[in-house]
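K.L.:
Please find the sequence and the predicted model below.
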Amino acid sequence: MSFEKVSTILKEVDAKKTAVLAYDCFNYESIEWLVEAGEQLGIPVIVMLYPAMLETISAKVFASITKAAAKQVKIPVGLHLDHCESYETILGTIKAGFTSVMFDGSKLPYEENVRGTCEVVRAAHALGVDVEAELGKVGTAANVGDFKNEDMYTTAEQVADFVAKNKSGFVGNSYR
């Protein structure tokens, strides 16, 4: 199949009620291993890059390796920037060929997260790139407080508000 947008892959696996392999990779070998595993299992893969890895591999090289690996297999292969807090880094990876990015503003106050997400969505969608965003706190299983403290959970109302504000667009201190 080759290189596909992540949203296309997710729609396909959802329709088939199947799975996708998605892992943060860090070099040529890890990208190859993931793509090879997907090919052997006959399921799509999403090659993800965690922003800290940009210290060891450029976004352009990472994207090029992923696209080259995708040409060698029959499964769909997607490319995604994972948990990025930087607008500039997101734009750099889009320029390098990423078709999906995640803006993680979860550490920001809610309204700043909405504003940052809207800015990323506006730029990314203008370039045909998918955006994932994060609300609330994921935490870790090692910290009991992370799964017992219900006050930190994202509510359905907050999700609805977040989506509505991102659909309408956020400009400065107001919504348009």
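P.N.:
Nice, I can see it.
K.L.:
Would you list the strands that the lengthiest strand in the chain pairs with, along with their directions?
P.N.:
For the chain, the strand that runs over the most residues, judged by DSSP state E, is strand 76-84. For strand 76-84, the paired strands and their directions (DSSP bridges) are strand 2-3 (parallel), strand 45-49 (parallel), strand 100-103 (parallel).
K.L.:
And the helices in this protein, which stretches?
P.N.:
With DSSP state H as the definition, the chain shows helices at residue ranges 6-16, 28-41, 59-70, 87-96, 110-126, 144-148, 156-168.
K.L.:
And the fifth one, what's buried?
P.N.:
Applying a neighbour-count criterion of 16 or more other C-beta atoms under 10 Å, one finds Tyr110, Asn113, Val114, Arg115, Gly116, Thr117, Cys118, Glu119, Val120, Val121, Ala123, Ala124 buried in helix 110-126. The way it works is simple: take the backbone N, C-alpha and C, and place the C-beta from them, glycine included.
K.L.:
Next, work out how far apart the fifth one and Ser86 are.
P.N.:
So the one you mean is Gly116. In this structure, Gly116 and Ser86 are 10 Å apart, going by C-beta to C-beta, to the nearest Å.
K.L.:
got it, and the third one?
P.N.:
When C-beta to C-beta is applied, the distance between Val114 and Ser86 equals 17 Å.
K.L.:
One more: the first one?
P.N.:
In this structure, Tyr110 and Ser86 are separated by 19 Å, where distance is defined by C-beta to C-beta.
K.L.:
Same list (the strands paired with strand 76-84) but as JSON lines, adding distance to Ile90, mean neighbour count and mean pLDDT.
P.N.:
Formatted as JSON lines, the strands paired with strand 76-84 follow (distance: least, C-beta to C-beta, whole Å; neighbours: other C-beta atoms under 10 Å; pLDDT from 0 to 100):
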{"stretch": "strand 2-3", "distance to Ile90": "19", "mean neighbour count": "16", "mean pLDDT": "93"}
{"stretch": "strand 45-49", "distance to Ile90": "11", "mean neighbour count": "26", "mean pLDDT": "98"}
{"stretch": "strand 100-103", "distance to Ile90": "5", "mean neighbour count": "24", "mean pLDDT": "98"}
